Each structure stands twice: as C-alpha cells, then as structure tokens.
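Trainee: Below is the sequence, then the predicted model.
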Amino acid sequence: MAVTTTLKDAAYVTVGLGVLGFQKAQVRRVELMKQVEEATKQLRSTGATRPDPSKVLGALEAQVVDAAHTVRELAKDIDARIVPVREQVQGRLDAIEGQLPSQVRDLVKQARTAALDTEGQVRSRLGLAAAPA
C-alpha cells in the first residue's frame, strides 16, 4: 500500500511539474510569435519590399539564442523542483524495498535504474549537472 501511494504521489508531482513546464514553454512561444509579428510590421512600415537577409538572419539568430536561454532556465527551474521530490521518493523506496518479495524488489531496482539512466540522458541534453547521488 505504501509503495502504491508513494508511486502515485511521485507520478502526480511529475505530471504537475511537466504541465507547468509546458505552460511556460507555451507562453514563451506566444511571446516569440508576437516579436516576429512586430518585426514584420516594422519591416512593412519602412516600405522595404525585400528585407536585408543579413538583418533577418541576425534577428532570427538572436531569437534562437534567447529561446535556448529560456529553455535552459526553464529546465533549471523544473530541476530545482524535481530534485527534492525525487530524493523524497527514493528515501521512501529505500525504506520499503527491503520488505518487498525478492521478485518485486528486483523489478523495483530495474525500474529505478532505468529512471536514473533516463534522467541522466535528459540532464545531459539540457546541459544540467549530474543528479546528486
């Protein structure tokens, strides 16, 4: 019973944090779209029929750099929220793992190892430091 409750709690927290992260990304996307629309309006208002490609490329590069920075900051924010939850769930699993039948214990260990491997891959791709042990 305690394992089920712990896993459900962890799943709910993970889903909730994922939803918050997705919402932040959506807000950023809308902001970027507004910036592109504003840049387009400015180009049209100057009477330019063909914008200077180097200026357009420079503006796009700046927006990509800005978006990448936003994603990294979002990842750091989500990470700061997830690490304490992960540590709490691991502590609970450590406490009850010894009480599980050997087959179930082996499955729990495999699931934990797979989760840690996946977390490591995600952290690596986002440029985050390795998870605390």
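Mentor: The structure has been received and is ready for your questions.

Trainee: what about the chain, any weak spots by pLDDT?
Mentor: For the chain, applying pLDDT under 70 flags the ranges 1-4, 6-8, 11, 43-44, 46-52, 132-133.

Trainee: if I pick the residue most central in space within it, what's in contact with it?
Mentor: Centroid check for the chain by CA atoms, centre = their mean gives Ala75 as the closest residue, at 4.5 Å. Residues counted as contacts of Ala75 (CB atoms under 8 Å, 6 or more residues apart in numbering) are Leu126, Gly127, Leu128. C-beta here means a position set from N, CA and C on the backbone, and glycine is covered the same way.

Trainee: need the contact list for the first one.
Mentor: Right, Leu126. Leu126 makes contacts with Val71, Arg72, Ala75, as judged by CB under 8 Å, 6+ apart.

Trainee: again, but for the last one
Mentor: Contacts of Leu128 were listed using CB under 8 Å, 6+ apart, and they are Ala75, Lys76, Asp79, Val122.

Trainee: Dump the contacts of Leu126 to CSV, plus secondary structure and distance to Thr14.
Mentor: Below are the contacts of Leu126 laid out as CSV (DSSP: H, G, I helix; E, B strand; the rest coil; distance: CB to CB, whole Å):
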residue, secondary structure, distance to Thr14
Val71, helix, 19
Arg72, helix, 20
Ala75, helix, 15
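
Trainee: Now render these as a markdown table, adding distance to Ile96.
Mentor: As requested, the contacts of Leu126 are exported to a markdown table (distance: CB to CB, whole Å):
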| residue | distance to Ile96 |
| --- | --- |
| Val71 | 36 |
| Arg72 | 36 |
| Ala75 | 31 |
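
Trainee: In terms of distance to Thr5, which of those ranks first?
Mentor: Nearest to Thr5 among the contacts of Leu126: Ala75, at 28.6 Å, using CB to CB.
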